[in-house]
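Asks: pasting a predicted model and its sequence here:
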Amino acid sequence: MTFSADGIRLSVLDRSRTREGEDGAVALRATVDLAREVEALGYHRFWVSEHHSVPGVAGSAPAVLAAAVAAATSSIRVGTGGVMLPNHQPMVVAEQFGVLESLFPGRIDMGLGRSVGFTDGIRRALGRDKGDAERFGEQLTELLGWFTGTQTAHPQVHARPAEGLRVPPYVLATGEGASIAAEAGLPLVIGDLRGRQRMLRAIDVYRSAFRPSAWSEEPYVVVAGTVAVAGTEEEARRLLIPEAWSLAYSRTQGVFPPLMPVERIEGLMTTEKPTEKQREFFASGLKGHVYGTEEQVGEALERVVKESGAQEVLVTTSTYDRDALRDSYRRLARVAGLTGRADFAHLA
């Protein structure tokens, strides 16, 4: 089934998840390979993320990885979902995206988040503290000013080659962040499909408070979430198991581990007796996502788009089996009626 929301864009966010027994280089190269495949399938954009000191995630330098993705592709938009602005000086971020836009004109997006390193040790290593997240609005204004030449924090200083370039900015947000996006007049990326009502309330706040800007004349909403598609509903559900277990483990052990095979996780559930808390977090990690057959996912996505009024859906899927992951994106492309390139017909 094709979900019939005319003009809805479908995009991919990949977090460069590592698998058990492999190093970060394998995960990063797999991200670049996946970008080539989803470009061939007709997806609109491909974004990468920023995580620090996480054993299960190799993507720590999104601007660098975005450059590798853009160099390996030719038409798909490439960006970040996102650069965590409180971790960086706005001028440095502007310079990085100025370089990207100069090398790959018209293809670069600048997705920006307001999270800061999630442990005291990481924050110290980054030279940041929790309070830096509260300065996101101020940092965002400065960052955009480096592109327009209107920043006032550092008179007579210019971000080269960013100044004068237009790199579309997006605000990654839940709750308060939606208000920041609205006040700045920027597109909103909201990743909370599991908390549907909370997400819809935040979107309403964003649309009602939106102020047109030089960057965006009208509100633009991207809803983001996990989507898994397979031949049966149970097969699609199994795709979610490795990420759900990593989440449960991290919340009880303080470490977000590489993805494990589904069969090993199922074995752990029966032989090693996870704690009650781990079982609760694991069960929670399997809920609220969009998964199933092509027909089931098509119907679910159509509901999401109608409820939210979103112009775009940003999909992120993590599972141990990369062949199954690629198959999920191929099936999702069919659900959305994407038209891939004829010279990549072998991917269908």
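Replies: Looks like it arrived, so ask away.

Asks: contacts, neighbours, all on C-alpha from now
Replies: OK.

Asks: give the burial count for residue 72, as a bare number.
Replies: Number of residues near residue 72 (other C-alpha atoms under 10 Å) recorded here: 12.

Asks: any idea how far residue 42 is from it?
Replies: 15 Å (C-alpha to C-alpha, to the nearest Å).

Asks: repeat that for residue 22.
Replies: 29 Å.

Asks: neighbour count winner among those two?
Replies: Neighbour totals were compared for residue 22 and residue 42, and residue 42 leads with 21 against 10 (other C-alpha under 10 Å).

Asks: model confidence for the residue nearest to the more buried one when sequence neighbours are not counted, exactly?
Replies: The shortest distance from residue 42 to any non-neighbouring residue, by C-alpha to C-alpha, 6 or more residues apart in numbering, is to residue 340 (4.5 Å). Listed pLDDT for residue 340 reads 71.

Asks: residue 340 reaches residue 37, doesn't it?
Replies: No - counting by C-alpha atoms under 8 Å, residue 340 does not reach residue 37; the two are 9.7 Å apart.

Asks: can you list the buried residues in stretch 127-139?
Replies: Residues 128-129, 132-133, 136-137, 139 are the ones in stretch 127-139 that count as buried (16 or more other C-alpha atoms under 10 Å).

Asks: next one: stretch 28-43
Replies: 28, 30-32, 34-43.

Asks: still on that earlier bit, between the buried residues of stretch 127-139, which sits nearest residue 119?
Replies: Residue 119 lies nearest to residue 129 out of the buried residues of stretch 127-139, by C-alpha to C-alpha, at 9.4 Å.

Asks: so what pLDDT did that closest one get?
Replies: Reported pLDDT for residue 129: 78.

Asks: report the contact partners of it.
Replies: Residues in contact with residue 129, defined by C-alpha atoms under 8 Å, 6 or more residues apart in numbering, are 116-117, 120, 123.

Asks: least confident of those?
Replies: Among the contacts of residue 129, residue 117 has the weakest pLDDT, 74.

Asks: wait, that one sits on residue 85?
Replies: No - Residue 117 lies out of contact with residue 85 (C-alpha under 8 Å); the separation is 10.8 Å.

Asks: list the buried ones in stretch 287-301?
Replies: Buried-residue list, stretch 287-301, by 16+ other C-alpha under 10 Å: 289-294, 296-301.

Asks: test my guess that residue 227 contacts residue 291.
Replies: Yes - taking contacts as C-alpha under 8 Å, residue 227 lies within contact range of residue 291: 5.5 Å.

Asks: now for these two: what residues contact both?
Replies: residue 297.

Asks: all helices for this protein, in order.
Replies: In the chain, the helices defined using DSSP state H lie at 24-41, 62-72, 90-103, 120-126, 136-148, 176-184, 196-209, 233-253, 262-271, 276-285, 294-308, 322-335.

Asks: report the distance from the shortest one to the chain centre.
Replies: Right, the one you point to is helix 120-126. Counting by C-alpha atoms, centre = their mean, to the nearest Å, helix 120-126 is centred 23 Å from the centre of its parent chain.

Asks: now swap in the second one and tell me
Replies: Relative to the centre of its chain, helix 62-72 is centred 15 Å away, using C-alpha atoms, centre = their mean.

Asks: in it, which residues are buried?
Replies: 62-63, 65-70.

Asks: and which of those is nearest residue 47?
Replies: Nearest to residue 47 among these: residue 66, at 7.5 Å, using C-alpha to C-alpha.

Asks: give me the neighbour count for the closest residue to residue 241 other than its chain neighbours.
Replies: Spatial nearest neighbour of residue 241, chain neighbours left out: residue 262 (6.3 Å); criterion: C-alpha to C-alpha, 6+ apart. By other C-alpha under 10 Å, 19 other residues sit near residue 262.

Asks: do the same with residue 23
Replies: With other C-alpha under 10 Å as criterion, residue 23 counts 15.

Asks: for it, give its distance to residue 17.
Replies: From residue 23 across to residue 17, the span is 10 Å (C-alpha to C-alpha).

Asks: same check on residue 242?
Replies: To residue 17, residue 242 is 11 Å away according to C-alpha to C-alpha.

Asks: overlap in contacts of these two?
Replies: Joint contacts of residue 242 and residue 17 (C-alpha under 8 Å, 6+ apart) are 259, 318.

Asks: let me see the backbone angles for residue 58.
Replies: Dihedral pair for residue 58: phi -90, psi -20, per degrees, to the nearest 10.

Asks: residues touching the residue nearest to it when sequence neighbours are not counted, list them.
Replies: Nearest residue to residue 58, sequence neighbours excluded (C-alpha to C-alpha, 6+ apart): residue 24, at 5.0 Å. Residues near residue 24 by C-alpha under 8 Å, 6+ apart: 18, 57-58.

Asks: which single one of the residues you listed is nearest to residue 237?
Replies: The closest of the contacts of residue 24, once distances to residue 237 are taken by C-alpha to C-alpha, is residue 18, at 20.0 Å.

Asks: that closest one reaches residue 261, doesn't it?
Replies: No - here residue 18 lies out of contact with residue 261, judged by C-alpha under 8 Å, at a distance of 11.8 Å.

Asks: ok, these two, which is more surrounded?
Replies: residue 18 (27 against 15).

Asks: contacts only, for the more buried one.
Replies: 24, 26-27, 55-58, 258-259.

Asks: please apply the same query to residue 315.
Replies: Counting by C-alpha under 8 Å, 6+ apart, residue 315 makes contact with 10-13, 224-227.
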